[in-house]
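*Asks:* next input, structure requested:
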Amino acid sequence: MSVSVLDTDIEFLKGVGARRAEPLRNVGVKTFRDLLRYYPRRYLDRSTVTPIRDLESGGEAVTVVGTVAAKGTIPGRGGKRRFELRVQDESGGTLKCVWFRGAQWIGKGFSVGDRVAFHGKAEQYGRTFSMAHPDFDKLDEASANLATGRIIPLYPGGAALEKVGLTSRSFRRLIYHLIKEHGLEIPEVLPEWLIDQYGLIPGNVALRALHFPKNAAELGRAKRRLKFEELFFLQLLLALTKGKQERVPGPVLGGFGPLTRQFVEDVLPFELTGAQQRALKTIAEDTATGRQMNRMVQGDVGSGKTVVGVAAMLMAADAGYQAAFMAPTEILTEQHYANIRRYLEPLGLE
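*Replies:* Below you'll find the predicted structure:
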């Protein structure tokens, strides 16, 4: 597929139009290229569907495919209502699906006789199994018959998409025609030698197989290829970034200066472990080269990573620089602030 076709606005794909384009854009599907990368959230086939009679309480989330036998809104306390479905499958079992929120909206989406795939954790109450707020996908005639051995992709959805008729069935149809018309034109983004070296399938084949796998083995090969591709370009981006950083000089620090030594020898109520000493030695050597340093200190909780970080900051302070210590959450920030403040006060630093 040429770049111009890949970058065509999704609105102009046959079957989309302006009305469907807006909710698609809101989920990140803005171009033909984005639609090809709108991956299924899971798959249905005989090996992934659990018969209702084989359900077990308290286990992992499972997928059940059945027919809606009855539906209704049940009044509850305080004027609240819940929506319930009674679902039956070929095993003769019955499953109750319950929604305590959005009962009115959920109820409009089901009719008796609908063939539906439900995904969630099953809990047993008396003799009946129940799922609360399960994910669900209404199945068309083609995807409802799992006995054919087909693997059916199910796509991420939501109220906004379903409001304009964009269900898993709709996505399958749109992607099928897109691949049918332009599949052979999808460019290969990996060099041939790399594909051969790692035994990967072509990119256009992988995209087709991810959306329309012929069998489980082909689906596995498609996932492997696309995962490799994603990680390859991530590593390539990191390598390019590192290359740019190496061309920009960094400050030259002097290793263990007076503040750093006082912190390690006098302030800390314990001796550094061998691993901490090795980490700080490496940091001191790196920061003495005049190149930018990026290091990841890895260790279990309580292994002393913060102490290494504080000592590295003190190396910068000894060289006349300022340093910042960042944390990903407010709670963790407060904890680090309290600990680091306790370390720095004896040194006369803030």
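
*Asks:* poorly predicted segments of the stretch 151-300 of the chain, please.
*Replies:* Low-confidence segments of the stretch 151-300 of the chain, defined by pLDDT under 70: none present.

*Asks:* hey, where'd the helices end up in the chain?
*Replies:* Under the criterion DSSP state H, helices of the chain are mapped to 3-6, 17-26, 32-36, 103-108, 141-144, 159-163, 168-182, 192-197, 203-211, 216-246, 258-262, 274-286, 305-318, 330-344.

*Asks:* where's residue 247 relative to residue 321, distance?
*Replies:* From residue 247 across to residue 321, the span is 21 Å (CB to CB, to the nearest Å). All C-beta atoms are positioned from the backbone trio N, CA, C, and that covers glycine.

*Asks:* who's more crowded, these two?
*Replies:* Remark: of residue 247 and residue 321, residue 321 carries more neighbours, 11 against 8, as counted by other CB atoms under 10 Å.

*Asks:* and the gap between that one and residue 73?
*Replies:* 66 Å.

*Asks:* do the same with residue 60
*Replies:* 30 Å.

*Asks:* picking that back up, out of the helices of the chain, which is closest to residue 49?
*Replies:* With respect to residue 49, and counting by CB to CB, the nearest of the helices of the chain is helix 141-144 at 11.3 Å.

*Asks:* hang on, isn't residue 114 packed against residue 69?
*Replies:* No. Residue 114 is not in contact with residue 69 according to CB atoms under 8 Å; the separation is 10.1 Å.

*Asks:* okay, these two: which has more neighbours?
*Replies:* A side-by-side neighbour count of residue 114 and residue 69, using other CB under 10 Å, places residue 114 first with 17 against 13.

*Asks:* let me see the domain layout of this structure.
*Replies:* What the record gives for the chain is the domain set 3-42+161-229, 49-141, 258-347, from automatic domain parsing.

*Asks:* in the protein, which strand is the longest?
*Replies:* Looking only at the chain and at elements set by DSSP state E, the strand with the highest residue count is strand 62-75.

*Asks:* distance of the nearest residue to residue 45 once chain neighbours are set aside from residue 63?
*Replies:* The shortest distance from residue 45 to any residue other than its chain neighbours is 4.4 Å, reached at residue 151 (CB to CB, 6 or more residues apart in numbering). Note on residue 151: its distance to residue 63, by CB to CB, is 13 Å.

*Asks:* quick revisit: can you put the domains of the chain in JSON lines and add distance to residue 236?
*Replies:* Below are the domains of the chain laid out as JSON lines (distance: least, CB to CB, whole Å):
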{"stretch": "domain 3-42+161-229", "distance to residue 236": "11"}
{"stretch": "domain 49-141", "distance to residue 236": "35"}
{"stretch": "domain 258-347", "distance to residue 236": "17"}
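
*Asks:* tell me which of the ones you listed sits nearest to residue 242.
*Replies:* Using CB to CB and comparing these, the one that lies nearest residue 242 is domain 258-347, at 7.3 Å.

*Asks:* quick check: end-to-end length of that closest one?
*Replies:* 10 Å (CA to CA, to the nearest Å).

*Asks:* again, but for stretch 39-55
*Replies:* First residue to last in stretch 39-55 (CA to CA) measures 28 Å.

*Asks:* what are the buried residues along it?
*Replies:* Within stretch 39-55, the residues scored as buried using 16 or more other CB atoms under 10 Å are 40, 42, 43, 44, 45, 48, 49, 50, 52, 55.

*Asks:* including distance to residue 160, could these go into JSON lines?
*Replies:* Written out in JSON lines, the entries for the buried residues of stretch 39-55 read as follows (distance: CB to CB, whole Å):
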{"residue": "40", "distance to residue 160": "19"}
{"residue": "42", "distance to residue 160": "20"}
{"residue": "43", "distance to residue 160": "24"}
{"residue": "44", "distance to residue 160": "23"}
{"residue": "45", "distance to residue 160": "28"}
{"residue": "48", "distance to residue 160": "27"}
{"residue": "49", "distance to residue 160": "28"}
{"residue": "50", "distance to residue 160": "30"}
{"residue": "52", "distance to residue 160": "31"}
{"residue": "55", "distance to residue 160": "32"}
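
*Asks:* which one of those residues is nearest residue 221?
*Replies:* Checking the buried residues of stretch 39-55 one by one against residue 221 (CB to CB), the nearest turns out to be residue 43, at 14.4 Å.

*Asks:* tell me the contacts of that closest one?
*Replies:* Residue 43 sits next to 151, 152, 153, 154, 213, 219 when contact means CB atoms under 8 Å, 6 or more residues apart in numbering.

*Asks:* show me which of the residues you listed are buried.
*Replies:* When burial is judged by neighbour count using 16+ other CB under 10 Å, the buried members of those are 151, 152, 153, 154, 213, 219.

*Asks:* pLDDT value on the spatially most central residue of the chain, please?
*Replies:* When the chain is reduced to its mean C-alpha position, the closest residue under CA atoms, centre = their mean turns out to be residue 41, at 10.1 Å. Confidence per residue is given as pLDDT, and for residue 41 that number is 91.
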